[in-house]
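Asks: model the structure of this input:
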Amino acid sequence: MLPRSLTLAAFAGAMFLPVPGIAKPVTLKYRIAQTTEQTVDATAAGQGEQKVRIGYVAFLTVVADDSAGGKSVRATLDSISTDSTADPNFTGPILAAKGATGTGYVDASGKLNGFESADTAQAIPMGTLRGLVSSLFPKVKATAKAGDSWTDTTETTDSVGPGPSTRRAVTSYKASAGAAKALKYDLTSSYSIAGSAPNGVVYEGNGRNVATFQRSEDGYMVDGTFNDNSDLSLTHPSLSEPMPVANVSTVSIALVK
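Replies: Numbers count the residues shown, from 1 in each chain. All right, here's what the predicted structure looks like:
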């Protein structure tokens with residue numbers, strides 16, 4: 001499963017009055033909790049099966065403003081903490097993302113486009129932040145209403161983070177009435193993914209995602225649960241055989257303000 005530009009400006013000595021009919025920016029605060037368990041068959045490296053668990057809780061602030069048929073968004077990762085069972089070898093890049101900021105654009109379907117930071121030093125933290133923010137804006141049919149069902153095929157590329165990756169997914173949706181004027185979506189998705197890292201490691205494989213989430217009539221995520229399972233093949237340049245990698249991940253999202 002995981003945005004154009006919105007900046008803050010300071011004005012002194014001037015007064016601005018609200019203009020009727022123009023919506024004000026909306027500030028949203030979210031809690032995102034994720035647990036990922038990874039099993040690596042390292043037989044090709046002369047080792048046995050290895051298991052890694054990573055769990056964290058993050059709090060984000062998202063400011064959204066109406067813009068050209070969609071919304072410009074600015075997001076800040078206010079805090080992030082890993083649980084006591086998280087493997088310390090993998091928590092560094094996650095914890096380093098605290099304080100990272102980025103901007104992007106959400107189109108009418110709810111999809112986040114071009115989410116990035118002006119700070120090029122934030123490459124790895126931005127990969128973490130981008131994944132978190134993308135989870136808040138899953139793509140849906142712009143005209144969806146309760147009772148609708150449909151299937152979409154998407155292909156995305158991502159150059160933010162440790163290395164480029166490509167993902168192709170076929171997703172089936174079903175919409176129904178949710179709470180407090182929200183629309184509820186149930187989805188199942190099958191996907192293929194391939195990518196590489198700077199150390200020469202390449203990977204490819206397939207996965208499945210099952211999710212339930214609610215979006216307000218204004219297009220904001222209210223809550224959601226996402227479950228993902230994938231089986232990958234990881235190839236290291238020093239090894240003659242690839243290593244199978246299985247991932248199981250659960251993400252829960254809640255609007256806290």
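
Asks: just checking, what packs against the lengthiest helix in the chain?
Replies: Determined from DSSP state H, the single longest helix within the chain is helix 123-136. Contact analysis of helix 123-136 by 3 or more CB pairs under 8 Å, 6 or more residues apart in numbering; DSSP states H and E lists strand 26-41, strand 49-67, strand 70-82, helix 88-95, strand 101-106, strand 112-116, strand 221-235, strand 243-255 as its packing neighbours. (C-beta placed from N, C-alpha, C; glycine too.)

Asks: quick one: distance of the fourth one to the chain centre.
Replies: In terms of CA atoms, centre = their mean, to the nearest Å, the centre of helix 88-95 is found 18 Å from the chain centre.

Asks: so which bits of it are buried?
Replies: By 16 or more other CB atoms under 10 Å, the buried positions in helix 88-95 come out as 91, 94.

Asks: same check, this time on the first one
Replies: Of the residues in strand 26-41, those with enough neighbours to count as buried (16+ other CB under 10 Å) are 28, 30, 32, 34-36, 38, 40-41.

Asks: one step back: quick one: closest of the helices and strands packed on helix 123-136 to residue 150.
Replies: If you check each of these against residue 150 by CB to CB, strand 221-235 wins as the nearest, at 18.6 Å.

Asks: quick one: mean pLDDT over that closest one.
Replies: Per-residue pLDDT values across strand 221-235 average out to 94.

Asks: angle of that strand against strand 49-67?
Replies: 140 degrees (axes from the mean of the first three to the mean of the last three CA atoms, to 10 degrees).

Asks: within its sheet, name the partner strands of strand 221-235 and how each one runs.
Replies: Here the strand partners of strand 221-235, with direction, are listed using DSSP bridges: strand 202-215 (antiparallel), strand 243-255 (antiparallel).

Asks: noted, bye for now.
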